[in-house]
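**Q** this one's structure only:
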Ligand SMILES: Cc1cc2nc3c(=O)[nH]c(=O)nc-3n(C[C@H](O)[C@H](O)[C@H](O)COP(=O)(O)O)c2cc1C
């Protein structure tokens, strides 16, 4: 028996397991991280799209999200995942919105039964961190195994900084993502063909 942190946190390698990488991204920073994860572990990469997309205007979106959070409103998703049962490992990516988990991600977690699966959150934000988002995933998915999430600074839409994870920032992100995956004992697939 082993009760050390190293033993209790050791993960089964995910090689040959079925991986889903689902992400919400408005200005493509979280998408950039999703693509880096995909290049490393393979699997199915899926963007979360809404029946009714958020407005283009930033301030209007901030207000709408605040109202949705207050009402516990779950926006309808256009994206449908076929056969969620076949995935063992689900990476879930999203930006921080209002220091919370974005409502569409709540919709995703409420729509699909993720019990018994390994969930791996990842996040981009304007520099204020993940807020309560990782905690909310734990609350909404009590029957899932949730690994340590990844977070990185992305855009600052209110200052007109949209996609920043490109060029040198993208190269830096690749190194950070890889380090995090290795720390979680997640197998890196050289050819990313873990379909
Ligand atoms: C509606 C809205 C609310 C946001 N709230 C926060 C916040 O509370 N904290 C933060 O650090 N960034 C916040 N941001 C900035 C995003 O988290 C950041 O730009 C992120 O990188 C965007 O990811 P994306 O390019 O994948 O959409 C917010 C952005 C939007 C659109």
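**A** Thanks, I have it. All values derive from a computational prediction rather than experimental measurement.
**Q** show me the contacts for the closest residue to the ligand within the chain.
**A** At 2.2 Å from the ligand, residue 154 is the closest residue in the chain, using C-beta to the nearest ligand atom. In short, each C-beta sits where N, CA and C put it, glycine included. With contact set as C-beta atoms under 8 Å, 6 or more residues apart in numbering, residue 154 has these partners: 27, 29, 30, 95, 124, 125, 126, 164, 165.
**Q** ok now stretch 67-82, how far from the chain's centre?
**A** A distance of 16 Å separates the C-alpha centroid of stretch 67-82 from that of its chain, computed with C-alpha atoms, centre = their mean, to the nearest Å.
**Q** again, but for stretch 175-195
**A** Per C-alpha atoms, centre = their mean, the displacement of stretch 175-195 from the mean C-alpha position of its chain is 15 Å.
**Q** cool, stretch 117-133 as well?
**A** Centre-to-centre, stretch 117-133 and its host chain are 7 Å apart (C-alpha atoms, centre = their mean).
**Q** pLDDT of stretch 147-160, averaged?
**A** When pLDDT is averaged over stretch 147-160, the result is 96.
**Q** report the buried residues of it.
**A** For stretch 147-160, the buried set under the neighbour-count rule, 16 or more other C-beta atoms under 10 Å, comprises 147, 149, 150, 151, 152, 153, 154, 155, 157.
**Q** can I get those residues in a markdown table including secondary structure and distance to residue 170?
**A** Formatted as a markdown table, those follow (DSSP: H, G, I helix; E, B strand; the rest coil; distance: C-beta to C-beta, whole Å):
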| residue | secondary structure | distance to residue 170 |
| --- | --- | --- |
| 147 | coil | 23 |
| 149 | coil | 20 |
| 150 | strand | 15 |
| 151 | strand | 16 |
| 152 | strand | 11 |
| 153 | strand | 13 |
| 154 | coil | 11 |
| 155 | coil | 13 |
| 157 | helix | 18 |
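**Q** looking at these, which is nearest residue 101?
**A** Each of the buried residues of stretch 147-160 was scored against residue 101 by C-beta to C-beta, and residue 149 proved nearest at 11.2 Å.
**Q** run through the contacts of residue 154 and flag the ones next to the ligand.
**A** Applying C-beta under 6 Å from any ligand atom, the subset of the contacts of residue 154 adjacent to the ligand comprises 27, 29, 30, 95, 124, 125, 126.
**Q** include secondary structure and neighbour count when you put these into TSV, please.
**A** Putting those into TSV (DSSP: H, G, I helix; E, B strand; the rest coil; neighbours: other C-beta atoms under 10 Å) gives the following:
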residue	secondary structure	neighbour count
27	coil	19
29	helix	29
30	helix	27
95	strand	23
124	strand	28
125	strand	22
126	coil	17
